[in-house]
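# Predicted model follows, preceded by the sequence.
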Amino acid sequence: MTAVAIEKPTTTTRIAPKRIPTTRVVSVELRKMFDTRSGFWLMASIGILAVLATAAVILWAPDDELKYSTYATAFGFPMAVLLPMIAILSVTSEWSQRSGLTSFTLIPHRGRVISAKAIAAVLIGVASMLVAFAIGAVGNLVGTAITGTNLTWDITFNDFWLIILANVLGMAVGFMLGVLIRNSPGAIVAYFVYSLVLPTAFAILAELQGWFRDLQPWVDFNYAQSALFNGMPSGEQWANLGVAGAIWLVVPLTVGLILVLRSEVK
Amino acid sequence: MIKVEALTKRYGAFTAVDDVSFTAAAGRVTGFLGPNGAGKSTTMRIMVGLTPASSGSAAISGRRYADLPNPGLEVGVLLDASAQHAGRTGREILAIAAHTMGLPKARVGEMLERVSLTDNEANRRVRNYSLGMRQRLGIATALIGDPEVLILDEPANGLDPAGIRWMRDLLRDYANRGGTVLLSSHLLHEIEVIADDIVVIGNGRIVAQGTKTELLQAAGTHVRSADPDYLARALAVSGVTVTRSGDGALRTDADPALVGKIALDAGVALTELRAADGAGLEEMFLELTADTQREGVAA
């Protein structure tokens, strides 16, 4: 084995490199979400589970329930779990798999890398929901054709965007936990605590303590998000969402980002 | 060129890197030598912005690393060959690097060929790579942007003898073409065969630096005679301090000409007289780090 000649490392005519454009950073981050076997199947499972959920509705839902909102509810469950996982892993793998050593060396501005990941996650989230809605729409057509029932499109354009927003918010929670915890298993566990344990605790508290019942919409992020699934939220519900989101999303995300920017990458 | 000035990194009361200053010049291979835990990797991580320094600075071609617009095109970095997503193929890891730097896809194949990774190996996932293959992939990632500066942390780790030879030739050729190479190692021999300049670090502090020739000269003379006791006395009388090696040879800081002259005057027949080279640098390395390394004086 002999060294193959390397092109001249130093020449006087080198072109000064340009700043790496943000679009490229985002496309690299998107690529990194798909290019491992686990990443690929996580993405593929979005389509697969949307198809399975839709098929389940056709097979088992009573005829009078064969309407578009039933399909949306059915594929909504797997989406609500998968999308946050995608967001978590896109961040934590840089630490758990230690690929951050290369990522943050090739782009020595962690804020740029992290925001590119956030953009990539939102793009994936919106695209996934559009795919799921499309699969649900096909299911609705097929289901009514088979049973001979009436086609019911009972999701308005507003509902449609609110459901997408809710899922993107769920992804944002996953992303925040990824940034804050920077460890794949830890962040996944934290997500389930966040989305399952915490709402239950709040519900029990509201049940037992009267004073908390009025406070709950302002401090329970999950409760505040549920408004997105029931038509257009009122002004107060938007305010609930903003306040609870600030507490449970914005503040911890800010802390996480500060830690990421300051920490050592090993 | 890499210029490190008064770099210090503290972790609480522990100082991992203590006022480290050195320059790695263009056209030369600079060896960064030190026992494990001496602060080599921390220094290198600070250079590329992965670890914040407590004080001091590091500049590459006159700029802070973070100020380089597209660092991969100017600095090739290999800090830890195992720090890759185990689920990606070697080819994909290179392709991501090329994509990030904005290089054409064709570069990936070229680099794989350059580091002698076959198509079959490149399409395997990194979790199935040997350390040597990971090092080759890491070298390919470092070289893909055709940078002027290379920063490599223990690049020869895990390579077989032929691989080490290959790496040495590659880096030599790279420096000969005007590139700056900084590579670290805890193995003296590795540094000795490839480096032009050597920076020795122990417990976070630089304990010696200079050209290899200078450091070798400082290592003095290796002399052997049928009567080492008499020779040692003769040298001592002339004010030359000697240390005895276990096998009857003597080592001294004086240069060979002076030692030969003293031996001649004393009428001692020499069986060997030469500048202390490899072994000399090794002794220097052990001496320089003796009070700072774990094995202590026993080493």
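Noted; the coordinates are in hand. Given the structure is predicted, the values throughout are model-derived calculations rather than measurements.

# ok, B:Glu92 - contacts?
A:Asp35 (Cβ atoms under 8 Å, 6 or more residues apart in numbering or on different chains). C-beta here means a position set from N, CA and C on the backbone, and glycine is covered the same way.

# what's the pLDDT at it?
For B:Glu92, the model assigns a pLDDT of 97.

# now do B:Leu288
58.

# residues in contact with residue 96?
All of this is about chain A. A:Ser96 sits in contact with A:Arg182, A:Asn183, A:Ser184, A:Pro185, where contact means Cβ under 8 Å, 6+ apart.

# oops, I was thinking of chain B
Contacts of B:Ile96 by Cβ under 8 Å, 6+ apart are A:Val28, A:Arg31, A:Lys32, A:Asp35, B:Arg88.

# distance of it from A:Val28?
6 Å (Cβ to Cβ, to the nearest Å).

# Pull up the residues of the stretch 151-299 of chain B that are close to chain A.
Within the stretch 151-299 of chain B, the positions near chain A by Cβ under 8 Å from any Cβ of the partner chain are B:Ala162, B:Gly163, B:Arg165, B:Trp166, B:Asp169, B:Leu170, B:Arg172, B:Asp173, B:Tyr174, B:Arg177, B:Gly178, B:Gly179.

# Give me the neighbour count for the third one.
Right, B:Arg165. Residue neighbour count, defined by other Cβ atoms under 10 Å in any protein chain shown, stands at 16 for B:Arg165.

# That one looks like it's in a strand, true?
No - assessed with DSSP: H, G, I helix; E, B strand; the rest coil, B:Arg165 is helix; it does not lie in a strand.

# isn't B:Ala275 right next to B:Leu258, touching?
No - B:Ala275 lies out of contact with B:Leu258 (Cβ atoms under 8 Å); the separation is 11.9 Å.

# Save the residues of the stretch 151-299 of chain B next to chain A as CSV, and put in pLDDT and secondary structure too.
Shown next, in CSV, are these (pLDDT from 0 to 100; DSSP: H, G, I helix; E, B strand; the rest coil):
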residue, pLDDT, secondary structure
B:Ala162, 92, helix
B:Gly163, 92, helix
B:Arg165, 93, helix
B:Trp166, 93, helix
B:Asp169, 95, helix
B:Leu170, 95, helix
B:Arg172, 96, helix
B:Asp173, 95, helix
B:Tyr174, 95, helix
B:Arg177, 95, coil
B:Gly178, 95, coil
B:Gly179, 96, coil
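
# how far does stretch B:240-248 sit from the chain's center?
Stretch B:240-248 has its C-alpha centroid displaced from the chain centroid by 28 Å (Cα atoms, centre = their mean, to the nearest Å).

# Give me the buried positions along it.
Across stretch B:240-248, burial judged by 16 or more other Cβ atoms under 10 Å in any protein chain shown covers B:Val240, B:Val242.

# Restrict that stretch to CA atoms and write it as PDB.
C-alpha atoms of stretch B:240-248 as PDB (Å, rounded to 0.1, in the frame of the first residue of the first chain):
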ATOM      1  CA  VAL B 240      30.700  15.100  31.700                       C
ATOM      2  CA  THR B 241      27.900  13.600  33.600                       C
ATOM      3  CA  VAL B 242      26.900  10.200  32.500                       C
ATOM      4  CA  THR B 243      24.000   7.800  33.100                       C
ATOM      5  CA  ARG B 244      24.400   4.100  32.800                       C
ATOM      6  CA  SER B 245      22.100   2.000  30.800                       C
ATOM      7  CA  GLY B 246      21.500  -1.500  32.100                       C
ATOM      8  CA  ASP B 247      23.700  -3.200  29.400                       C
ATOM      9  CA  GLY B 248      26.900  -1.400  30.300                       C
END
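
# Now the element after whatever helix or strand A:Ile164 lives in, going C-ward?
Taking DSSP states H and E as the criterion, A:Ile164 maps to helix A:157-181. Sequence order places helix A:184-192 as the next helix or strand after helix A:157-181, per DSSP H and E.

# Tell me the spacing between the closest residue to B:Arg28 other than its chain neighbours and A:Gln216.
For B:Arg28, ignoring the flanking residues on the chain, the nearest one in space by Cβ to Cβ, 6 or more residues apart in numbering or on different chains is B:Asp196 at 4.2 Å. B:Asp196 sits at a distance of 70 Å from A:Gln216 (criterion: Cβ to Cβ).

# buried sites along the lengthiest helix in chain A?
The helix spanning the most residues in chain A, taking DSSP state H as the definition, is helix A:110-147. Buried residues in helix A:110-147, counted by 16+ other Cβ under 10 Å: A:110, A:112-121, A:124-126, A:128-129, A:131-133, A:135-137, A:139-140, A:143-144.

# same deal with stretch A:54-63?
Neighbour-count burial for stretch A:54-63, counted by 16+ other Cβ under 10 Å, picks out A:Thr54, A:Val57, A:Ile58, A:Ala61.
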